[in-house]
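In: for reference, the sequence and a predicted model appear below.
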Number of protein chains: 2
Amino acid sequence: MPDQTKRAPSLGARLADRIRGAIISADVDLGEALSEDALAAAFGVSRTPVREALRLLQTQGLVSVVPKSGTFVFSPSEADIVELCEYRSLLEVKAACLAFERARAETHAALAAALEEMQAAAAADDMKRYGRADMGFHLAFFAQCGNRYLTQAYDMCLGRVSALRTHLAVLSQGEPARSLGDHARMVTLFGGTAAEDLAEILDRHIRRTRENYIEALQGRLRAAAAADPRARLRRKLGVG
Amino acid sequence: MPDQTKRAPSLGARLADRIRGAIISADVDLGEALSEDALAAAFGVSRTPVREALRLLQTQGLVSVVPKSGTFVFSPSEADIVELCEYRSLLEVKAACLAFERARAETHAALAAALEEMQAAAAADDMKRYGRADMGFHLAFFAQCGNRYLTQAYDMCLGRVSALRTHLAVLSQGEPARSLGDHARMVTLFGGTAAEDLAEILDRHIRRTRENYIEALQGRLRAAAAADPRARLRRKLGVG
DNA sequence: ACACAAGAACATGTATCCTAGATGAAAGCC
DNA sequence: GGCTTTCATCTAGGATACATGTTCTTGTGT
């Protein structure tokens, strides 16, 4: 059996990265149709690697390919957001606990560095940079948790979480300060020897992002309903 | 966006099921090479759906495709087994807790039914049937946990867990009785209103399977070393 | 006897072609 | 006018042909 390390990633894998990037950067909308032909033409390759890329993204839940119909960017329902956040929370709480047990010092250093970057980004009012630093903070748990499957599971939903952030994040009042506070408390916990509240802080932190997303989603749905031709017609005709 | 429910599964998906079945049933060995051409010929289809199936299985960790080299059935190391079991345990403990909170009665019924089947299988000395019933027992937690992502994550590693069971399970002395005892205690817990020990029982249960697999893997490695052509040649020639 | 290099054999990667199913609009019927 | 049917068109599914990289073999030179 070959070593399988450091092999050139296939064209399909690279395409998947680019398409994922496009989704996360909000270059394409949630629920939007992605034609294999169009993607192939856009990237200047044949459909075969495009299909491979879309299948990959499908397993990550970023797109859903419907046989004979089309491929569509995922479009979360409110229940999806609730469950995804619950799922993310359980992974992250476990990873944080493992990292605390197994590599407290290393994790503490990584968290502190990420926090510093977050503070710098907040000071510069650069939300994109802040988002990246925030992601780095949470990834530190997984980098140190010592369980590849757990890390992989997080990678699996990372795309969706990132997409939610960019597509739905709305800046609530006083949010950066509260967020920074939570993160700072976690760094402090990792500097000590006991972490009783770690799970609670993390869970509450993620729960807040959940409420944020749901609020934004509802706003989106209202806007979509307002723009829906049939609804507009009904309103215009005064039909309730 | 179409409804995407109840669509005919693609040929690739069906092939993936069959190949996974072959791996789980130990029709092919761990680490064995799977040629796309050979599979295509065996199933009477072209390579395209075979490739799709293998990519699917790759995301489930059942095979690893090495660019330009080949596709190989996964072959766990001891560390893989440790991490996989730790991962499985965390998913299952969480699912069990959620099921307890959200659908105690339904879960209790499902667990009791599965336990009954396990007892019947044990009485009949049908280990294959026992294995299926055991899997059904654990799946009941996920069916009732109310979080699709958690369920999906378990599905993701279910293939590997099943493969480990069939490829590596060795029957330790007094194992069926102890296993049945653990499961019976869990059923009892779900009949009550508090489940303090649930996590501990589950975790210990899974930890025991882990030790079982590791022991079997070490035996396999010893056997493989003994069967290694070079080693055999050296032995035959009396070269030490 | 050994090391090494060239090449055959075989693996997957990619492109292209053809087919079948789904969708939506336009035409025809009631 | 509203409803149904039909057909053009676009989608993905699958087959095949060719390109390219890997690996093992084999033969040669030392």
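Out: Alright, I've got the coordinates.

In: what's the separation between the most centrally placed residue in chain A and DNA strand C?
Out: The residue lying closest to the centre of chain A (CA atoms, centre = their mean) is A:V161, at 1.8 Å. According to CB to the nearest atom of the strand, to the nearest Å, A:V161 and DNA strand C sit 28 Å apart. Every C-beta, even on glycine, is put in place using the N, C-alpha and C of the backbone.

In: three-state assignment of that residue?
Out: helix (DSSP: H, G, I helix; E, B strand; the rest coil).

In: report the contact partners of it.
Out: Counting by CB atoms under 8 Å, 6 or more residues apart in numbering or on different chains, A:V161 touches A:84, A:88.

In: what number of residues lie near the residue nearest to A:G31 when sequence neighbours are not counted?
Out: The spatially closest residue to A:G31, leaving aside those adjacent along the chain, is A:S75, at 3.5 Å (CB to CB, 6 or more residues apart in numbering or on different chains). Neighbourhood size, A:S75 [other CB atoms under 10 Å in any protein chain shown]: 15.

In: in terms of contact, does A:S75 touch A:V28 like I think?
Out: No: A:S75 is not in contact with A:V28 according to CB atoms under 8 Å; the separation is 11.5 Å.

In: thinking again about what came up before, quick check, pLDDT for the residue nearest to A:G31.
Out: Listed pLDDT for A:S75 reads 91.

In: likewise A:M1?
Out: 43.

In: and the longest helix that chain A contains with chain B, contact?
Out: The longest helix of chain A (DSSP state H) is helix A:198-227. No: residues of helix A:198-227 are not located near chain B by CB under 8 Å from any CB of the partner chain, the shortest gap being 12.1 Å.

In: which of the residues in that helix are classified as buried?
Out: A:198-199, A:201-203, A:205-206, A:208-210, A:212-214, A:216-217 (16 or more other CB atoms under 10 Å in any protein chain shown).

In: same question, stretch A:150-162
Out: By neighbour count on 16+ other CB under 10 Å, the buried set for stretch A:150-162 is A:150-154, A:156-162.

In: ok, stretch A:78-86 next?
Out: Quick answer for stretch A:78-86 (16+ other CB under 10 Å): A:80-86.

In: A:L62 and A:C157 touch, don't they?
Out: No: in this structure A:L62 lies outside contact range of A:C157 using CB under 8 Å: 9.8 Å.

In: overlap in contacts, those two.
Out: With CB under 8 Å, 6+ apart, A:L62 and A:C157 have no common neighbours.

In: tell me the pLDDT at A:A22?
Out: Taking A:A22 on its own, its pLDDT is 94.

In: show me what the one helix or strand it maps to is packed up against.
Out: Here A:A22, judged by DSSP states H and E, is contained in helix A:11-24. When contacts are defined as 3 or more CB pairs under 8 Å, 6 or more residues apart in numbering or on different chains; DSSP states H and E, helix A:11-24 packs onto helix A:36-43, helix A:47-59, helix A:148-168.

In: enumerate every residue touching the residue of chain A found nearest DNA strand C.
Out: Nearest residue of chain A to DNA strand C: A:L11, at 2.7 Å (CB to the nearest atom of the strand). Residues counted as contacts of A:L11 (CB under 8 Å, 6+ apart) are A:45, A:49, A:52.

In: wait, the second one sits on A:P9?
Out: No: applying CB under 8 Å as the test, A:P49 and A:P9 come out as separate, 11.0 Å apart.

In: confirm for me that A:Y130 is in contact with A:Q119.
Out: No: with contacts counted by CB under 8 Å, A:Y130 stays clear of A:Q119, the gap being 9.2 Å.

In: show me the domain layout of chain A.
Out: A:11-73, A:78-225 (automatic domain parsing).

In: quick one: name the residues of chain A near chain B.
Out: A:1-2, A:4, A:7-10, A:31, A:33, A:52, A:55-56, A:59, A:64, A:66-67, A:69-70, A:72, A:75, A:83-84, A:86-87, A:90, A:94, A:146-150, A:153, A:156-157.

In: quick one: buried ones out of these?
Out: The buried subset of the residues of chain A next to chain B (16+ other CB under 10 Å) comprises A:10, A:52, A:55-56, A:59, A:64, A:66, A:70, A:72, A:83-84, A:86-87, A:90, A:94, A:146-147, A:149-150, A:153, A:156-157.

In: just give me the neighbour total for A:R20.
Out: 20.

In: how about the contacts made by it?
Out: Per CB under 8 Å, 6+ apart, neighbours of A:R20: A:57, A:60, A:62, A:159.

In: and it, how far from chain B?
Out: 14 Å (CB to the nearest CB, to the nearest Å).

In: with mean pLDDT as extra columns, can I get the helices and strands packed on helix A:11-24 in TSV?
Out: Converted to TSV, those look like this (pLDDT from 0 to 100):
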stretch	mean pLDDT
helix A:36-43	92
helix A:47-59	93
helix A:148-168	93
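
In: a markdown table please, covering these and showing distance to B:H183.
Out: Below are those laid out as a markdown table (distance: least, CB to CB, whole Å):
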| stretch | distance to B:H183 |
| --- | --- |
| helix A:36-43 | 47 |
| helix A:47-59 | 32 |
| helix A:148-168 | 24 |
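
In: which one of these lies closest to DNA strand D?
Out: helix A:36-43 (3.6 Å).

In: ok, now which ones touch A:A216?
Out: Per CB under 8 Å, 6+ apart, neighbours of A:A216: A:167-170.
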